[in-house]
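> okay, predicted coordinates and the sequence, questions at the end:
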Amino acid sequence: VAKPHIVILGAGYGGIVTVKRIAKQLSTNDANITLISKHDYHYQTTWLHEPAAGTLHHDRTRMKIADLIPSHVQFIEDEVVEIHPKENKVSLKNNEQVTYDYLVTALGSVAETFGVEGVYEYAFNKWTLNGARELREHTEYMFAKYNNEQKEEYLTFVVAGAGFTGIEYIGELSERLPELCKEFDVPMNKVKMYVIEAAPTALPGFDPELVEYAMNLLENRGVEFKINMPISKVTEDGVILKDGTEIKAGTVIWATGVRGNPVIEKSGFENMRGRVKVTKDLRAPDYDNVFIIGDCSLVINEQTDRPYPPTAQIATQQAEVAARNLANLVKGRPLEEFQPDIKGTVASLGGKEAIGVIGDKKVFGFSANFMKKMIDNRSLWMIGGTGLVIKKGKNPF
Ligand code: FAD
């Protein structure tokens, strides 16, 4: 009998953890395994606010895929253009089509614009390693340009969205800008930082006491919040708010949430904002041999009847179940159901500051920062063991 071919798309949290786990559960006699991803490295998406602001070198957040995956897993560095689920094939940008027996799609997400004009043209919206490099370079360039042209808008930074990503990013930026002021001989009072949020509160869904702690801390670093204020347009010069106010800014950063990778929509899967509402065992409703996990998938929280927000925590837990279910399918065993186990959420605020909830306990400041660094180290440990933690890990103190 021919060995089944298992293909995994995307080498983020979902993809890498699936590959590591499946390679342990199935031997080379059981299946051929192929991983396909855009670059020859994995990056820690949850760390990207740091290299984007310039507080951590981008190499600390990435690792060679060849160093992470077992040698019997084939790796193809290429961009997935489309999945043809009826034909069990995947089209790639530079290589020939790949045929699969079982597929795991873990291609992550892109920015959600909510129909606001100008986001893709004028705002930094790519939460990828290359997106982070571009934003860091641009930030420094704005200081250099200001010194020559003296236009104050070059030193104005607008973050759209006070959710998790927007708050973590402004936390880093508010730590980094005083350093850049020194480097470029610019007084700090020339710099303006805005966080603009359409919802009636920053960090929607977070405990109000934690939200207040975060906002006070960031305001003390010079951040101005505009809450309950949708952005109606992003332009070459900055943003226009719903009340008609224009904020001129040399840098607009988009962080209002995500939609699933456009490959999902292009491939004809039934979806909501690029995310597929998967079955309990994590498969696409119409295709028994296609698993969809991470930011491309949608799982309903039965207690609230709303989708779980897409997180690395869920992507990783789904990867464990998808790997076991792949082995179950190959070996003809019944599949198991995915049940998220939310351990908590911690948001960094830059420097040694953070806020979060662990179990049902609120954490602030030092203890939250300690937890955040431990979570970051644990995610390294999951994909590369103690060696990777020693090489790239974070000091929790
Ligand atoms: P990803 O980890 O994003 O991986 C997608 C992979 O697919 C990448 O390797 C990419 O290169 C590859 N890829 C994309 N398109 C293609 C293509 N066409 N062809 C081939 N390869 C492709 N979550 C938490 O749980 N906790 C946090 O503290 C947290 N903080 C965050 C902070 C920031 C700044 C951001 C941006 C996100 C944060 N998140 C956090 C969310 C978390 O990062 C995502 O939910 C998680 O990365 C989703 O995992 P994934 O495997 O679906 O996608």
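Noted; the coordinates are in hand. Residues are numbered from 1 along each chain as shown.

> pick out the residue of this structure closest to the ligand.
Per Cβ to the nearest ligand atom, residue 12 is where the chain lies closest to the ligand, at 1.7 Å. Where you see a C-beta, it was placed from the backbone N, CA and C, and this is true even at glycine.

> just list the residues touching that residue, thanks.
42, 43, 45, 106, 108, 294, 315 (Cβ atoms under 8 Å, 6 or more residues apart in numbering).

> switch the cut-off to 10 Å
If you count contacts by Cβ atoms under 10 Å, 6 or more residues apart in numbering, residue 12 has them with 37, 42-46, 106-109, 128, 293-295, 312, 315-316, 319.

> residue 309 and residue 342, how far apart?
Per Cβ to Cβ, to the nearest Å, residue 309 is found 10 Å from residue 342.

> which neighbours do those two have in common?
With Cβ under 10 Å, 6+ apart as the test, residue 309 and residue 342 both reach residue 301.

> neighbour-wise, which of the two wins?
Taking other Cβ atoms under 10 Å, residue 309 and residue 342 do not tie; residue 309 has more neighbours (17 against 14).

> ok but that one is inside a helix, no?
No. Applying DSSP: H, G, I helix; E, B strand; the rest coil, one finds residue 309 to be coil, outside a helix.

> all strands for the stretch 1-150 of the chain, in order.
Chain-ordered strands for the stretch 1-150 of the chain, with DSSP state E, counting those that start in this stretch as the definition, fall at 5-9, 32-37, 41-43, 62-64, 73-77, 80-84, 89-92, 98-99, 102-105, 109-111.

> could I get those strands as JSON lines with mean neighbour count?
Converted to JSON lines, these look like this (neighbours: other Cβ atoms under 10 Å):
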{"stretch": "strand 5-9", "mean neighbour count": "26"}
{"stretch": "strand 32-37", "mean neighbour count": "22"}
{"stretch": "strand 41-43", "mean neighbour count": "21"}
{"stretch": "strand 62-64", "mean neighbour count": "17"}
{"stretch": "strand 73-77", "mean neighbour count": "17"}
{"stretch": "strand 80-84", "mean neighbour count": "18"}
{"stretch": "strand 89-92", "mean neighbour count": "19"}
{"stretch": "strand 98-99", "mean neighbour count": "16"}
{"stretch": "strand 102-105", "mean neighbour count": "27"}
{"stretch": "strand 109-111", "mean neighbour count": "21"}
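
> residues from the stretch 201-350 of the chain in reach of the ligand?
261, 263, 294, 295, 310, 311, 312, 313, 315 (Cβ under 6 Å from any ligand atom).

> which one (most neighbours) among the residues you listed?
That'd be residue 294 among these, by other Cβ under 10 Å, with 31 neighbours.

> touching, that residue and residue 264? I think so.
No. With contact defined as Cβ atoms under 10 Å, residue 294 does not reach residue 264; the gap is 11.2 Å.

> related to what we said a few turns ago, would you turn the strands of the stretch 1-150 of the chain into CSV with distance to the ligand and mean pLDDT?
Formatted as CSV, these follow (distance: least, Cβ to the nearest ligand atom, whole Å; pLDDT from 0 to 100):
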stretch, distance to the ligand, mean pLDDT
strand 5-9, 6, 98
strand 32-37, 4, 98
strand 41-43, 6, 98
strand 62-64, 10, 97
strand 73-77, 9, 98
strand 80-84, 4, 98
strand 89-92, 8, 98
strand 98-99, 12, 98
strand 102-105, 9, 98
strand 109-111, 7, 97
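
> CSV please, covering these and showing distance to residue 118.
Below are those laid out as CSV (distance: least, Cβ to Cβ, whole Å):
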stretch, distance to residue 118
strand 5-9, 30
strand 32-37, 30
strand 41-43, 27
strand 62-64, 30
strand 73-77, 33
strand 80-84, 26
strand 89-92, 31
strand 98-99, 37
strand 102-105, 30
strand 109-111, 12
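
> between the ones you listed, which gets nearest to residue 387?
strand 62-64 (10.6 Å; Cβ to Cβ).

> direction included, what does the closest one pair against?
strand 41-43 (antiparallel) (DSSP bridges).

> which residues touch the strand it pairs with?
Counting by Cβ under 10 Å, 6+ apart, 10-13, 15-16, 35, 51, 58-69, 77, 128-130, 132, 383-384 sit against strand 41-43.
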